[in-house]
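# turn this into a structure:
(one chain, ligands or ions: 1)
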Amino acid sequence: MQAFRWNPPKSSRAARNNGDARERYAHPDLRESSSLFVGQVVAKAATWQDPEDVRELRTLTCTGIVAIKVGKRFSQRGLHAMTEQSFDPLQYKAKQRQDWDAVAAGWKKWWQTLEQGAQRVSDRLVALAEIQPGQRVLDVATGIGEPAVTAARKIGPTGWVVATDQAPQMLAVAQERAADKGLQNIEFLEMDGEVLDLPEDGFDAILCRWGLMFFPECAKALARMVRLLAPNGRLAAATWDIPPKVPMISLAMGVVQRELQLPPPPTKAPGPFSLADTRTLEQHFTQAGFTDVHSEPLTVPFEFPSVEDYVGFQQEVAAPVVTLLADHPPRRQAEIWAAIAGAARQYATAEGRIRFLNEAICIVGRRPR
Ligand SMILES: C[S@@+](CC[C@H](N)C(=O)[O-])C[C@H]1O[C@@H](n2cnc3c(N)ncnc32)[C@H](O)[C@@H]1O
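Now for the predicted structure:
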């Protein structure tokens, strides 16, 4: 493996400027190849007619706006995801940023409850990625800092974690948590997980816990990730299984959908369950260029002291549910929350606690040597 010289900043901070990140982290060779700017992309559009070029170009732009326009205008082949739909990935991502920012304080408040179950997923991802002391690790869609914090502990002071998310409020909480734990080997960067402007061959491992499902073009994001890994590096990610196997989330979503008579979401729309089919998920990994792809189920228990706690958790943490209810009058919202509480009672233990057993899917793939 080629020697890599890290250039970590003196102190961690969330950087809005991704070009800055590329400069600070760049492998000496990569520093020579400057990022593309939107203006340059426009100028190049007329000559870049191959879908491969368009994909590359999209990966390199910060916003993707220009690349999508290029895709529509110049490429007739292989760009279905960019051309066929009325679904607007950029609008969707902007809304996602807003929605997750809105629940960042809730995530901070409920973190311990969440991690009682979720920590085992971080542990499993770190094991699957074979993370060792001294390594360079990228966490994509870190939220308020997992599995970045677990990885930072594993790699120790000689390693380095870059933790990214596109929601700045989530990142702010993540940064606070890392500081509280005295961790100085993590840096947090505000960055779209589909447009990772970081050096290629730059990471020994990439982790993503419950983030890929929210990417409109997950397959392309994976193709980018494989290139950020050093040869033999591993990507380990977690997604959720089908709704009936994840009652902690699907119970509230199901009640909201029923009460509001919402049509089922389009099959390909991103969301908590969009990568529940392990065959498709594995195919995405293989097509992106990963080898030794392996997926496995992992049971994740979540427990709440009472129904009221479960409802409070949903109200403050579950961005997709909160978003669906947001435009309805408070009385109607209260009725629906009461219906959610009623439905949750079937999960009560003899002591009155609410306990859900949920199935996550952990998947790992390796970049070939
Ligand atoms: C369910 S949370 C998971 C957070 C964390 N990894 C964990 O397991 O606790 C999903 C996260 O994905 C992030 N996210 C959604 N779409 C994203 C995108 N396009 N780029 C980066 N992050 C994204 C959200 O901001 C949110 O923090």
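
# only C-alpha atoms from now on, for both contacts and neighbour counts.
Will do.

# which parts of the stretch 201-350 of the chain sit against the ligand?
Within the stretch 201-350 of the chain, the positions adjacent to the ligand are 209-211, 214-215 by CA under 6 Å from any ligand atom.

# low-confidence ranges in the protein?
Within the chain, the set of residues satisfying pLDDT under 70 comprises 1-85.

# how's it carved up into domains?
Annotated domains of the chain cover 22-87, 109-366 [automatic domain parsing].

# closest one to K95 among the ones you listed?
Comparison of the domains of the chain against K95 by CA to CA identifies domain 109-366 as nearest, at 9.6 Å.

# how far does that closest one sit from the chain's center?
6 Å (CA atoms, centre = their mean, to the nearest Å).

# contacts only, for the residue nearest in space to the middle of the chain.
With distances taken as CA atoms, centre = their mean, G211 lies nearest the centre of the chain, 2.2 Å away. By CA atoms under 8 Å, 6 or more residues apart in numbering, the contact set of G211 is 140-142, 238-239.

# re earlier: buried deepest among the domains of the chain, which one?
Each of these was assessed for mean neighbour count using mean count of other CA atoms under 10 Å. The highest is domain 109-366, with a mean of 20.

# quick one: terminal-to-terminal distance for it?
Domain 109-366 stretches 36 Å from its first residue to its last (CA to CA, to the nearest Å).

# which bits of the stretch 51-200 of the chain sit near the ligand?
Within the stretch 51-200 of the chain, the positions adjacent to the ligand are 93, 96-97, 100, 141-143, 146, 165-167, 170, 191-194 by CA under 6 Å from any ligand atom.

# the same query, at a cut-off of 8 Å, please.
With the criterion set to CA under 8 Å from any ligand atom, the stretch 51-200 of the chain comes near the ligand through 93, 96-97, 99-101, 118, 122, 139-147, 164-167, 170-171, 190-195.

# name the residues that touch stretch 247-265?
Contacts for stretch 247-265 (CA under 8 Å, 6+ apart): 243-244, 302, 314, 318, 320-321, 324-325, 336, 339-340, 343-344, 356-358.

# strands along this structure, start to end?
With DSSP state E as the criterion, the chain has strands at 136-140, 160-165, 186-190, 203-209, 229-240, 291-304, 354-366.

# closest to L228 out of the contacts of G211?
V140 (11.8 Å).

# separation between the closest one and W107?
From V140 to W107 the distance is 17 Å (CA to CA).

# cool, E282 as well?
In this view, E282 and W107 are 30 Å apart by CA to CA.

# for C218, what are its contacts?
Listed by CA under 8 Å, 6+ apart, the contact set of C218 reads 194, 212, 284.

# residue ranges of the helices in the stretch 101-250 of the chain, please?
For the stretch 101-250 of the chain, the helices defined by DSSP state H, counting those that start in this stretch cover 104-109, 111-128, 148-155, 168-180, 218-228, 247-259.

# of those, which is nearest T291?
Nearest to T291 among these is helix 218-228; the distance by CA to CA comes to 10.2 Å.

# the closest one relative to strand 203-209, how many degrees between them?
Following axes from the mean of the first three to the mean of the last three CA atoms, to 10 degrees, one obtains 150 degrees for the angle between helix 218-228 and strand 203-209.

# with only the CA atoms kept, save stretch 285-298 in CSV.
Provided in CSV are the C-alpha atoms of stretch 285-298 (Å, rounded to 0.1, in the frame of the first residue of the first chain):
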residue,chain,number,x,y,z
PHE,A,285,-21.9,-3.5,-3.3
THR,A,286,-20.7,-5.9,-6.0
GLN,A,287,-21.6,-3.6,-8.9
ALA,A,288,-19.8,-0.8,-7.1
GLY,A,289,-16.6,-2.9,-7.3
PHE,A,290,-16.5,-4.5,-3.8
THR,A,291,-15.5,-8.1,-3.5
ASP,A,292,-16.0,-10.6,-0.6
VAL,A,293,-19.4,-9.1,0.0
HIS,A,294,-21.2,-10.6,2.9
SER,A,295,-24.3,-9.6,4.8
GLU,A,296,-25.8,-10.8,8.1
PRO,A,297,-28.7,-10.0,10.3
LEU,A,298,-28.3,-8.5,13.7
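
# thinking again about what came up before, got a markdown table for the contacts of C218, with distance to Q261 too?
Formatted as a markdown table, the contacts of C218 follow (distance: CA to CA, whole Å):
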| residue | distance to Q261 |
| --- | --- |
| E194 | 32 |
| L212 | 27 |
| H284 | 32 |
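
# from these, which is closest to the ligand?
Among those, E194 lies closest to the ligand (CA to the nearest ligand atom), at 5.7 Å.

# contacts only, for that closest one.
59, 215, 217-218, 220-221, 224 are the contacts of E194 under CA under 8 Å, 6+ apart.

# with distance to G289 added, can I get those residues in JSON lines?
Output for the contacts of E194, formatted as JSON lines (distance: CA to CA, whole Å):
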{"residue": "T59", "distance to G289": "16"}
{"residue": "F215", "distance to G289": "18"}
{"residue": "E217", "distance to G289": "16"}
{"residue": "C218", "distance to G289": "13"}
{"residue": "K220", "distance to G289": "11"}
{"residue": "A221", "distance to G289": "12"}
{"residue": "R224", "distance to G289": "10"}
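
# alright, calling it a day.
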